[in-house]
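> Give me coordinates for this.
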Amino acid sequence: MPVYVPDQDRFLEIAKNAVECRVKRVEKKGIVKLKARTKRYLYTYIVTADQANEAIEKLKSVCKTIKEV
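Sure thing, here's the model as predicted:
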């Protein structure tokens, strides 16, 4: 089961240790899911489509590899 993280700063801290980060866009609901895979857990952070570009730019500076799903 993925672990939901409600705070962006906490998610960025987790993403520093992530093996891989993924970006999943859900067009019907108008949200973007940011996922960080660590050795033990999959962490998920959800943002609106409007805030997605800003959040992805912050994620690119922290995470090693980013995939668009």
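> which residues touch the helix ranked longest in the chain?
Counting residues, the longest helix found in the chain (DSSP state H) is helix 52-62. The contact list for helix 52-62, computed with C-beta atoms under 8 Å, 6 or more residues apart in numbering, reads 8, 12, 15, 16, 21, 23, 25, 32, 34, 45, 47, 66. C-beta coordinates here come from the backbone N, C-alpha and C atoms, glycine included.
> and the last one, bridged to which residues?
Bridge pairing for residue 66 (DSSP bridges) gives the partners residue 21.
> re earlier: any idea how far the longest helix of the chain is from the chain center?
Distance of helix 52-62 from the chain centroid (C-alpha atoms, centre = their mean, to the nearest Å) equals 9 Å.
> measure stretch 56-69 end to end?
End-to-end span of stretch 56-69 (C-alpha to C-alpha, to the nearest Å): 13 Å.
> mean confidence for that stretch?
For stretch 56-69, the mean pLDDT works out to 93.
> in it, what counts as buried?
Of all the residues in stretch 56-69, those buried under the rule 16 or more other C-beta atoms under 10 Å are 56, 59, 62, 63, 66.
> and what of stretch 25-32?
residue 32.
> Looking at the buried residues of stretch 56-69, which two lie furthest apart in space?
Largest separation among the buried residues of stretch 56-69 by C-beta to C-beta: 56 and 62, giving 10.9 Å.
> got a list of contacts for the helix or strand that residue 43 is a member of?
For residue 43, the element it lies in under DSSP states H and E is strand 42-48. With contacts defined as C-beta under 8 Å, 6+ apart, strand 42-48 is touched by 2-6, 8, 11, 14-15, 18, 30-37, 55.
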